[in-house]
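Asker: Prediction below, plus the sequence it came from.
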Amino acid sequence: MAVPTLRQLEYLVTVVDTGSFTRAAEQLHVTQPALSHQMRALESAVGGPLLERLPRAVRLTPMGRAVLPHARAALAEAERLHRVARRAAGLEEGELEVAAIYSVSLGILPPVLRSWRRRHPGVRIRLREYPHADLLQAAMAAGRADLAVGPVPAGWEGPIRELGVEEFAVVLPADDPLAGRSTGTVALTELADRAWVHYAPGNGLADLLDQFCTQAGFHPPAAIRAEQTSAVPLLAAAGLGPALVPANIVPPHFDGVLLRPDPPIRRTLAAYTRTRPDPVTVAFADLLARQARVDPGAARTCRVSGGDQA
């Protein structure tokens, strides 16, 4: 018989405490199918059903009521063990300096920083932001941060940990003639006669847009150049011109449409250090690798109302 894992016990406790598989999945940052799969695995391990799904709630079975106190006790003991280990590793207090390109600090870092704050409230994060990957790499080489997060650095001699693939999307206004196409894709050549929402000089995303448009056979004229990376998808959705953005920086509610470029535009993101990282840096990199939302399915078609690059 399989032995229940701490993660499975955490899932059980969270479902019971939230009263819902949906709310538990949101709190645990997992999908509902993944949560349901782990709950079935736990029930298989203990030899019987633990939860009964009702139309608007979940209810513990008799076996579930017997198992729940032990699950809570096991999680509490594991947390005590983690506290001892964190004290030994220096994770109870201190400061970690993280450097990132603008788009990373907008897209993948916020949920990671939120989780870090909950897990290690005594370890402060100092975030340094850079508009271009070259500036990020130079700052890291100069010792201005403990960990850098951005595109994979060329020629870097220190440790590098790849985080995943970030996909780019083209942003158009909701009433654009191309917005309603069923394929959800657009070739950059279809936008060759448009003036673009561009990035200010010095922003690495300006280089990236120019690079891929040049490969498509045209130069993208600028209708407007934005100093702030976060403003670009909003300006495009407002109808000032198409924009090319990392899909994960687009806010969940905005008046616009995201289309996947055809062929796709992607880049690999990584976390890197100068030397072998200390335990605090390793812990942050581990959390980043687990929670960073940089996957090839990130770009999406949506319509909601209401060198390297930065």
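Answerer: Okay, I see it.
Asker: which strands and helices sit next to the helix ranked longest in the chain?
Answerer: Under DSSP state H, the helix in the chain containing the largest number of residues is helix 62-89. Identification of packing neighbours for helix 62-89 by 3 or more CB pairs under 8 Å, 6 or more residues apart in numbering; DSSP states H and E yields helix 6-18, helix 279-291. For glycine as for every other residue, the C-beta is placed from the backbone atoms N, C-alpha and C.
Asker: worst-scoring helix or strand of this protein, pLDDT-wise?
Answerer: The weakest-scoring helix or strand in the chain, judged by mean pLDDT, DSSP states H and E, is helix 62-89 (a mean of 83).
Asker: I'd like the next helix or strand past the lengthiest strand in the chain.
Answerer: As assigned by DSSP state E, the longest strand anywhere in the chain is strand 160-172. Next helix or strand after strand 160-172 toward the C-terminus (DSSP states H and E): strand 185-186.
Asker: what does the average pLDDT come to for that next one?
Answerer: Mean pLDDT, strand 185-186: 96.
Asker: Neighbouring strands of the following helix or strand past it in the sheet, and parallel or not?
Answerer: For strand 185-186, the following helix or strand on the C-terminal side (DSSP H and E) is strand 196-199. Paired strands of strand 196-199, with direction, are strand 222-226 (parallel) (DSSP bridges).
Asker: Quick check: mean pLDDT of the strand it pairs with?
Answerer: In the prediction, strand 222-226 has an average pLDDT of 97.
Asker: how far does the least confident helix or strand of the chain sit from the chain's center?
Answerer: Here the centre of helix 62-89 is set off from its chain's centre by 28 Å, with CA atoms, centre = their mean, to the nearest Å.
Asker: In that helix, which residues are buried?
Answerer: Residues Gly64, Val67, Leu68, Ala71, Ala74, Leu75, Arg86 are the ones in helix 62-89 that count as buried (16 or more other CB atoms under 10 Å).
Asker: Following element in sequence after that helix, please.
Answerer: Helix 62-89 is succeeded, C-terminally, by strand 94-101 (DSSP H and E).
Asker: So which other helices or strands are in contact with the helix or strand that that following strand is followed by?
Answerer: The C-terminal neighbour of strand 94-101 among helices and strands, as given by DSSP H and E, is helix 102-106. If contacts are counted by 3+ CB pairs under 8 Å, 6+ apart, helix 102-106 sits against strand 123-130.
Asker: hmm, who's touching the strand it packs on?
Answerer: 91-102, 105, 109, 113, 116-117, 136, 139, 144-145, 150, 280, 284, 310 (CB atoms under 8 Å, 6 or more residues apart in numbering).
Asker: These, buried ones only, as a PyMOL selection?
Answerer: Applying 16+ other CB under 10 Å to those, the buried members can be selected in PyMOL as follows:
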select buried, resi 91+96+97+98+99+100+101+102+105+109+113+116+136+145+150+280+284+310
